[in-house]
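Engineer: What follows is a predicted protein model with its sequence.
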Amino acid sequence: VPLQASVGGLVQAGGYLRLSCAASERTFSSYAAGWFRQGPGQEREFVAAIRLSTDSTYYADFVKGRFTISRDNAKNTVYLQMNSLKPDDTAVYYCAAGSGGTQLRLYDFWGQGTLVTVSS
């Protein structure tokens, strides 16, 4: 399932940004969706995920209460609303589709990555 993430951007600390990730195939609605990120010199890490059947959501501790993942199956799109951004949130963000969970290996399809920079 080809995934296309929206362009990230530069925001000031405390600001907000919404990322979107669109799939070109209807089969996207058959997968769980997740967001991961990779900061400078760091490994890719889990940010948030949303299951298919129940729309249950899961978050990394460092984004709980600040980020919200959601999906619109009619538009084959998953979103990541990021509020109260911190400089530590600076990273390339990736959307992914797969069986779900917090581990990279559980996702079969990946978007191209989009850079989010948070200035202090």
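Structural biologist: Noted; the coordinates are in hand. Residues are numbered from 1 along each chain as shown.
Engineer: most centrally placed residue in the protein?
Structural biologist: Trp35 (2.6 Å; C-alpha atoms, centre = their mean).
Engineer: That residue pairs with what?
Structural biologist: For Trp35, the beta-bridge partners are Ala48, Cys95 (DSSP bridges).
Engineer: Just give me how far stretch 47-67 sits from the chain centre.
Structural biologist: Taking C-alpha atoms, centre = their mean, to the nearest Å, one finds stretch 47-67 lying 9 Å from the centre of the chain it belongs to.
Engineer: what about Leu10, neighbour count?
Structural biologist: When counting by other C-beta atoms under 10 Å, one arrives at 12 neighbours for Leu10. For glycine as for every other residue, the C-beta is placed from the backbone atoms N, C-alpha and C.
Engineer: so the residue nearest to the centre of the chain makes contact with Leu80?
Structural biologist: Yes. Trp35 is within contact range of Leu80, at 4.8 Å (criterion: C-beta atoms under 8 Å).
Engineer: list residues touching both of those two?
Structural biologist: 19, 21, 47-48, 69, 93, 95 (C-beta atoms under 8 Å, 6 or more residues apart in numbering).
Engineer: buried stuff in the helix or strand of the chain with the lowest mean pLDDT?
Structural biologist: Across the helices and strands of the chain, mean confidence by mean pLDDT, DSSP states H and E is lowest for strand 3-5: a mean of 87. For strand 3-5, the neighbour count (16 or more other C-beta atoms under 10 Å) marks 3, 5 as buried.
Engineer: avg pLDDT for whichever helix or strand comes after that strand?
Structural biologist: Toward the C-terminus, strand 3-5 is succeeded by strand 9-12 as the next helix or strand (DSSP states H and E). The average pLDDT within strand 9-12 is 96.
Engineer: Off-centre distance for strand 9-12?
Structural biologist: The answer for strand 9-12 is 16 Å, by C-alpha atoms, centre = their mean.
Engineer: show me what contacts Gln42?
Structural biologist: Per C-beta under 8 Å, 6+ apart, neighbours of Gln42: Ala91.
Engineer: if I look at it, how far off is Asp88?
Structural biologist: Here the criterion is C-beta to C-beta, to the nearest Å. By it, Gln42 lies 10 Å from Asp88.
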